[in-house]
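Enquirer: Sequence first, predicted model second:
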Amino acid sequence: MTKKLLRKLLVAYKPLDARFRSIGPYARLSRLLQARYSAMMSPEGSARASGLDAQAYIENFDRVAPRADTILFECYWGKKFADNPLAMYRALLRSQPRGRFRIFWTAVEGEVPPDEVAGNPDVTLVQAGTPEYGIALLEAGYLVNNVTFPTWFIRRAGQHYCNTWHGVPMKAMGRDMAAPLVSKANSQRNFLQADVIPEMSEYYHWATIRPCYVDQIVSDALFPCGAPRVDDVIVPKVSGQELRARYGIRENRKIVLFAPTWRGNSTQISQVFSDQARLCNQVAQSLGSEYFVLFSAHQMLKVRQTDLASNVALLAENDNINDILTIVDVMVSDYSSILFDFLPVDRPIVLFTPDIEHYREERGLYLEPEDLPCANTTDFPGLIAAIRAARPPSDFPGYEQMRQRFTPLEDGRAAETALSALLEPEARTEHRRPDGRMRLLIEPGGMIPNGITASLKSLIANLDFERFDPYILIDAPVMDSELNRMEQFHEFDPRCNWILRSGDMLLTDEERPIYQNFRLGNDLNPEDLPVIRRIFEREARRILGDTRFDVAIEFGGYAPYWTGVIACSNAARKVCYQHSHLWAEYTNLDAARNRRTLNAVFQLYHCFDQIVAVSDETRAVNEAHLKQYYPATGPARTVRNTLDVKRVAERARLPVSLAHPEAGLLFQDPTLFRFIALGRLSPEKRYDRLIGALARIAPEHPNAVLLICGAGPVRDKLVQLARRKGVAEQVRFLGQVSNPYPLLAHADACMMSSDYEGQPMVLLEALCLGTPCIGSDIPGIRSVLKDGVGHIVAPTEEAFAAAMKAAIEGRLPPLKPADIGGAYIEETMREFEDIVCGLNNAPVAPPEHPALAKLA
């Protein structure tokens, strides 16, 4: 089924979807399917590494070197010859002799270049999606783009890339707008690849770069110079007479440019062209023959054949709107950045915003129309009146202050300045200084609701943001496709930064079988290790550019891919976490519990500076089996999980009935004794042990109930087991509970019957809330409940039954109070800073990481 047909079907289904959204389960399913649809439709992910261009690119990646005499220009993915790239192309022609550069221009099939491009013998058009395009991206020593190169493009040594972006936003961007992560991922990635980013103002930095989460990382690339395309408005490059002649506009006619923006986000574009064309016709007819209206349809919209009034013309596909602005008397827009291109010439601007309430809610605005030196209207009569009144921006209060805020650098020479920064990198002067914070790259694990994610959330919450600058690395399409992951994402400290991975890994035909062998956890031959290193160094550069981090942390510790990316990232120090008894997980004979791919992780351990375990007990049991894989820099160390005590306590205050209505009824019955167990329903957690223990005491204690919070692969088996044991009514499967803390705080006992753990966050949280804990006598659980703060029992059904019976009858020995508070947080954060970040003996970054050098 084509994307076009799927889109039509879903548009037809949309009214029914809206009606069913009031049904809770359907609403959740609809949101999930919508996120997956959005990720699939996103233009960010359309250029996958399976295309002919990508194949040519990767197969020639190490064979074709960048050329210092070659420059490539690309505008809107090859759909246009305009905007900042055209301005910089013109500057190149003015400043460089003919024949000095081989010039590539990207063009989509059928796109007709203007004469100044088509007539230049130095220019070669390369069609997007072809092998020639892939080779051009390798050969170009200099690249200019106003949006994004494909997700597989990597700026290599010897290449310089200027990402100009394409406007000063009035509307919310990136982290500030509600849109799938994948819609923002490749934009962020291209900023990370660029080494020159023209900066128009402090406002531009705040509104365009900051929302991409990487404003500190790309600070060295930011270059204050203004917008190159605005040069073509301030200093016309095409005569007004020629432009009028193109559209048959008489000299005595006033020209109105109607230039509205698009609606939606880059994964879901509302096709509003017909509505905008109809409005344009109405404006032209109301203004009469003394006016001529030029309609500029946004490049994100599909332009259709339409009947236009005699005094209306649709802007030609290959016309540069910044040239057109030189003949415009009044510009009409809405939320488009084009108003900032027109502002420096002090000609009238009218904002027509009838949908502002909806737009403000759906997309978000950084600036309100009244903040700008423009006429603003929300109704049609007001629009016509404002066009006729034609008040220039200087007629509005605060015009000069707004010029200084939004366009302070526009002097008609921005293109030359940006081009010079691109072509002469050695001549750039450093204008920004690092903020002095330690830059952390953190791979979080699966970002599912489990102990690892809870531990990282607590770590980030307790981090001193005045000293540390954290960047969490996540897979954008995977996150978008699963609601429970996105819920975890939104629970992190809002000051946290995110690196959004998207697109496919680049693998040559030679590398593919070696990588697949590694990914499956098979032992590698010594000659394969350099290949794995090369693959992951390239992948890390594809995602992160050449960004340097002080510390890279593989926090999850389970995934071969992410372990490889962190191991080969550009970081001075690299640390890998162990959250569980990993050898037990690797060697387990139960296919449902066996993690064979862990062997790939083990084979990368020596690439790290430090292996850390979350408890002494976990460290010891892992070291006994895995020491041969460890780095030569020293033994594993213990860095305990910290806890966000404030968050746990605050969320626990919610009434149980609001946290979970079904559980609320159980907590209202004073005759019940409530055992609670929280965690993923996976085999190693051994919920079957708890169900069997409850069945043993149920005849004598029918008032005992077991509340199981979580989801996972063995749920159905556990439900069937409870039925067979005759305790189906006493075992309540509550599913994934977004806020389990009220239940945990009011339960009579917290149970953990696992076969292996690291340092369970659930037990720390229960102790923090004062809930008694009963857990298996295994290293990870012992690390939390030792010294009499909890009850430790043998990992058998009989032992748990005895402990549960004793708890109900009040016969368990008294417990010592657990000090999970200020002192514990200080100790655990000191461990993180000293051992993970190496602050007591922070190493100077060597030219090449010594552990990785062994692989060469």
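Expert: That came through fine.

Enquirer: Only C-alpha atoms from now on, for both contacts and neighbour counts.
Expert: Noted.

Enquirer: Look up how far A571 lies from the spatially most central residue of the chain.
Expert: Using C-alpha atoms, centre = their mean, the residue of the chain that lies closest to the mean C-alpha position is L500, 3.1 Å off. Taking C-alpha to C-alpha, to the nearest Å as the criterion, L500 is separated from A571 by 18 Å.

Enquirer: Can you flag the residue of this protein lying furthest from its geometric centre?
Expert: E700 (53.6 Å).

Enquirer: pLDDT score for it?
Expert: On the pLDDT scale, E700 is placed at 97.

Enquirer: swap in C280?
Expert: For C280, the pLDDT comes out at 89.

Enquirer: Likewise for T306?
Expert: With respect to pLDDT, T306 scores 74.

Enquirer: count of residues packed around it?
Expert: Residue crowding around T306 was assessed by other C-alpha atoms under 10 Å; the count is 11.

Enquirer: Same question for E511.
Expert: Using other C-alpha under 10 Å as the criterion, E511 is surrounded by 15 other residues.

Enquirer: give me phi/psi at it?
Expert: Comment: the main-chain dihedrals of E511 come out as phi -80, psi -30, following degrees, to the nearest 10.

Enquirer: and the residue nearest to the centre of the chain, what is it in contact with?
Expert: L500 makes contacts with L181, V182, K184, A185, N186, Q188, R189, L473, I474, D475, A476, as judged by C-alpha atoms under 8 Å, 6 or more residues apart in numbering.

Enquirer: Which secondary structure state does it sit in?
Expert: strand (DSSP: H, G, I helix; E, B strand; the rest coil).

Enquirer: same deal with A461?
Expert: Applying three-state DSSP: A461 is helix.

Enquirer: which ones are touching it?
Expert: With contacts defined as C-alpha under 8 Å, 6+ apart, the neighbours of A461 are F492, D493, D644.

Enquirer: coming back round to it: so in terms of bridging, what pairs with the residue nearest to the centre of the chain?
Expert: I474 (DSSP bridges).

Enquirer: how near is the closest residue to H625 other than its chain neighbours to R686?
Expert: The shortest distance from H625 to any non-neighbouring residue, by C-alpha to C-alpha, 6 or more residues apart in numbering, is to W583 (6.5 Å). Separation of W583 from R686 (C-alpha to C-alpha): 18 Å.

Enquirer: With G167 instead?
Expert: Distance of G167 to R686, computed by C-alpha to C-alpha: 56 Å.

Enquirer: do the same with R437
Expert: For R437, the distance to R686 equals 43 Å [C-alpha to C-alpha].

Enquirer: Looking at these two now, which is surrounded by more residues?
Expert: Ranked by neighbour count (other C-alpha under 10 Å), R437 and R686 place R686 first, with 20 against 14.

Enquirer: Contacts only, for that one.
Expert: When the contact criterion is C-alpha under 8 Å, 6+ apart, the partners of R686 are S753, S754, D755.

Enquirer: redo that, cut-off 6 Å
Expert: With contacts defined as C-alpha atoms under 6 Å, 6 or more residues apart in numbering, R686 is in contact with S753, S754.

Enquirer: Tell me which stretches of the stretch 201-350 of the chain form helices.
Expert: 202-204, 228-234, 240-247, 273-287, 321-324, 338-342 (DSSP state H, counting those that start in this stretch).

Enquirer: Is E617 in contact with P779, as I believe?
Expert: Yes. E617 is in contact with P779 according to C-alpha atoms under 6 Å; the separation is 4.9 Å.

Enquirer: Tell me how many other residues surround P526.
Expert: When counting by other C-alpha under 10 Å, one arrives at 9 neighbours for P526.

Enquirer: tell me which element A54 is part of?
Expert: Element membership for A54 (DSSP states H and E) is helix 52-59.

Enquirer: Tell me which strands the helix or strand that that helix is followed by pairs with, and in which orientation.
Expert: On the C-terminal side of helix 52-59, the nearest following helix or strand under DSSP H and E is strand 67-74. Partner strands for strand 67-74, per DSSP bridges, with pairing direction: strand 102-107 (parallel), strand 140-145 (parallel).
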